[in-house]
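Peer 1: Here is my input, please return the structure:
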Amino acid sequence: SYLPTLMGSFGALVAFGLLGIKTPVYNFVSLSSAIMILLGGILLGYLSAKADGCPFKMHIEVGRRRFEALAYLVGFYLGIIYYYLFLAEIISTLIH
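Peer 2: Numbers count the residues shown, from 1 in each chain. Presented below is the predicted three-dimensional model:
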């Protein structure tokens, strides 16, 4: 699904340019940021597959009272909070 997403995004960028719509410069990422985003997405997808589902499916499974799904989501959200509180600044200094 990476290739269609990339092609669709690039197609939209080209279409905006042809229509004369200016896109802000801050929407673009550097090569190192793009690599980190890609690696993070691959890692999230791999670990979600190992846990037998994606985060969206886990929300549904929590509604079905599956404890394993609740444990997955607690770790998922704690990981997000941990990243923004402690790791985001460190990683941004390594990338730039």
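Peer 1: Need the residue closest to the centroid of the chain.
Peer 2: residue 41 (5.2 Å; Cα atoms, centre = their mean).
Peer 1: Any regions of the protein where pLDDT drops low?
Peer 2: 1-2, 24-29, 95-96 (pLDDT under 70).
Peer 1: Would you map the helices across it?
Peer 2: Chain-ordered helices for the chain, with DSSP state H as the definition, fall at 2-19, 31-50, 55-63, 67-82, 88-95.
Peer 1: Pull the residues that contact the shortest one.
Peer 2: In this structure, residues lying in contact with helix 88-95 by Cβ atoms under 8 Å, 6 or more residues apart in numbering are 30, 32, 33, 36. Any C-beta I mention is one placed from the backbone N, CA and C, and that applies to glycine too.
Peer 1: hmm, which of these are the buried ones?
Peer 2: residue 36 (16 or more other Cβ atoms under 10 Å).
Peer 1: Next, format the contacts of helix 88-95 as JSON lines and append distance to residue 52.
Peer 2: JSON lines is the format used below for these (distance: Cβ to Cβ, whole Å):
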{"residue": "30", "distance to residue 52": "35"}
{"residue": "32", "distance to residue 52": "33"}
{"residue": "33", "distance to residue 52": "31"}
{"residue": "36", "distance to residue 52": "26"}
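Peer 1: That'll do, ta.
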